[in-house]
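1. Structure, please.
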Amino acid sequence: MRKIQKICIGVFLGGVLLGGIGTGIALAEYSSISYGGEKRIGEEKLITENFDFEFDPEKGEILLDGSYWSRKAVHTIVEDPEVPEGVIRYQVTYNPDVITPFLRMEELQEPESDGATEPEAESDEAGESEQKPEPAKREQGILSLDAEYHGDGFAMWMEHKDELLAGLKRGEICSYRLLDMEDVQIHVNPETLPCVAAR
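-> Residues are numbered from 1 along each chain as shown. Sure thing, here's the model as predicted:
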């Protein structure tokens with residue numbers, strides 16, 4: 001019986017020893033790994049393309065909706081004399097293997113008139129008429145930048161697996177980011193700018 005106990009104690013202590021050695025080796029290997037920074041996947045495939053939206057400024061304002069990609073752009077519109085009047089130009093840098101951008105226009109309906117006439121300007125005791133407030137600008141619709149994802153993102157990751165494994169062999173680990181839409185700028189002719197507003 002004591003022999004069995006000695007064997008069991010020996011196996012237990014051996015396991016603890018081997019486990020401790022293994023843990024020590026793993027910690028030593030982990031502590032030797034360095035961070036190699038961020039790697040951008042698909043950077044060589046980025047293209048810049050213009051997406052134009054034409055409208056009639058005489059019909060009212062176009063409101064720009066700040067989507068996930070264009071949130072900053074709608075508040076930093078670029079005045080560009082080379083853009084034709086009546087055109088809102090989205091200049092988009094994106095990866096066509098991952099995403100396809102497009103513009104979406106949501107038209108706003110005019111409020112129905114109830115047939116009531118506008119009240120006439122009131123006159124004060126001196127006989128001077130008070131100025132009526134200017135009517136609000138008519139809003140044609142809401143323009144937003146949207147995108148459709150396509151392709152196989154996993155395939156793009158697999159294209160870079162050798163780079164990832166090579167980094168691990170060097171004791172280096174990196175964070176990888178798959179690029180889709182990287183930059184958006186909105187260009188508008190200075191004459192058209194008063195008819196464009198951030199929502």
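2. C-alpha from now on. contacts and neighbour counts both.
-> Will do.
3. I figured Ser34 was touching Glu172, is that so?
-> Yes. Here Ser34 lies in contact with Glu172, judged by Cα atoms under 8 Å, at a distance of 4.8 Å.
4. Can you name every helix or strand that the lengthiest strand in the chain contacts?
-> Identified as the longest strand of the chain according to DSSP state E is strand 139-149. Helices and strands touching strand 139-149, by 3 or more Cα pairs under 8 Å, 6 or more residues apart in numbering; DSSP states H and E, are strand 61-65, strand 99-107.
5. need those in JSON lines with mean pLDDT and mean neighbour count, can you?
-> Shown next, in JSON lines, are the helices and strands packed on strand 139-149 (pLDDT from 0 to 100; neighbours: other Cα atoms under 10 Å):
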{"stretch": "strand 61-65", "mean pLDDT": "96", "mean neighbour count": "22"}
{"stretch": "strand 99-107", "mean pLDDT": "95", "mean neighbour count": "15"}
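6. For Glu163, find the nearest of these.
-> Glu163 lies closest to strand 99-107 among the helices and strands packed on strand 139-149, at 23.7 Å (Cα to Cα).
7. how about the CA coordinates for the closest one, as PDB?
-> Provided in PDB are the C-alpha atoms of strand 99-107 (Å, rounded to 0.1, in the frame of the first residue of the first chain):
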ATOM      1  CA  ILE A  99     -16.900  47.200 -50.700                       C
ATOM      2  CA  THR A 100     -18.900  49.100 -53.300                       C
ATOM      3  CA  PRO A 101     -19.900  52.700 -52.300                       C
ATOM      4  CA  PHE A 102     -23.100  54.400 -53.700                       C
ATOM      5  CA  LEU A 103     -25.100  57.500 -52.900                       C
ATOM      6  CA  ARG A 104     -28.700  57.200 -51.600                       C
ATOM      7  CA  MET A 105     -31.200  60.100 -51.900                       C
ATOM      8  CA  GLU A 106     -34.300  60.200 -49.700                       C
ATOM      9  CA  GLU A 107     -36.700  62.800 -51.100                       C
END
